[in-house]
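> Generate coordinates for the sequence data below:
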Amino acid sequence: MPQTLALIHTSQVFLYLETMMKPMFAQIMPEVRLINIMDDSLLPDVMAEMRISTDVTKRLCLYVMAAEATGADAVLSLCSSMGPAIDCARKLVNIPVIKIDDAHTERAVREAKRIGVMATAGTTLGPTVALLKEKAASLGKEIEIRESLSTSAFEALMRGEKDEHDALVLETARQLAPSVDLILFAQASMARLAPAVQAATGLAVLTSPRLAIEYTKRVLDERRARWQEPSAAPASA
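So this is what the prediction gives:
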């Protein structure tokens, strides 16, 4: 029986992520059944208040619990802004609940000391920085974080001005580059710009989509292996 992965989406604004990530899922975990849970009011609500309210946390937790009820073997949250709510949801279910940023933040901590975090939406910057610090603490490593928030780029994207958005992100990356060893994108929606930013800065650029899917595949494989372990042999009479 194939394993099932539930994907939680929080906004239609970045629905293109499904198109970008779909080939990755097909390549990395073709045998896994995907189900989608979407509430496109979650992210707008968070952005309106610039915080994760109790109501948003409750709704996110209910979606994670619903995913478990459908028989999902794991949940992957595709929204970086929901990190703190995911921490709450994990306590309510018996299946792995994975943040899209879990894998690339850990790799950043392992590979660099001075990490530049780039975001265009203010709601993603705080959770991503907090996750980096959490990963560093778990690995016993000291890191330096340089935060870079370009809200004007996000506003341009919301207006449909893709070229303006891209130009602003590239300029911000050039300004950030001299003070860091590695750049980490706080949003999956920025992933397509990684090659351009790497070329412009000469630095490695970490994005979340592929690393998140590869990490999720390992989690699912480990879960399957545990279920397939033979039970202990009965004691001799």
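> show me where pLDDT drops low in this protein?
Applying pLDDT under 70 to the chain flags residues 12-19, 229-237.
> same thing but 50
The model of the chain has pLDDT under 50 over residues 232-237.
> Strands of that one, start to end?
Applying DSSP state E to the chain gives strands spanning 4-9, 33-38, 74-77, 97-99, 114-119, 144-149, 182-185, 204-206.
> With distance to A66 and mean neighbour count added, can I get the ones you listed in TSV?
(Glycine included, C-beta is placed from N, CA and C.) Converted to TSV, the strands of the chain look like this (distance: least, Cβ to Cβ, whole Å; neighbours: other Cβ atoms under 10 Å):
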stretch	distance to A66	mean neighbour count
strand 4-9	8	22
strand 33-38	7	15
strand 74-77	10	25
strand 97-99	12	24
strand 114-119	29	24
strand 144-149	33	16
strand 182-185	29	25
strand 204-206	31	20
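> could I get those as a markdown table with distance to K135?
As requested, the strands of the chain are exported to a markdown table (distance: least, Cβ to Cβ, whole Å):
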| stretch | distance to K135 |
| --- | --- |
| strand 4-9 | 21 |
| strand 33-38 | 26 |
| strand 74-77 | 17 |
| strand 97-99 | 11 |
| strand 114-119 | 10 |
| strand 144-149 | 11 |
| strand 182-185 | 11 |
| strand 204-206 | 12 |
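> nearest to L220, of those?
Closest approach to L220 among these (Cβ to Cβ): strand 74-77, 5.8 Å.
> Could you spell out the sheet neighbours of the closest one, each with its direction?
Applying DSSP bridges, strand 74-77 is found paired with strand 4-9 (parallel), strand 97-99 (parallel).
> want to throw those into TSV with distance to E68?
TSV is the format used below for the strands paired with strand 74-77 (distance: least, Cβ to Cβ, whole Å):
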stretch	distance to E68
strand 4-9	8
strand 97-99	9
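> Perfect, that will be all.
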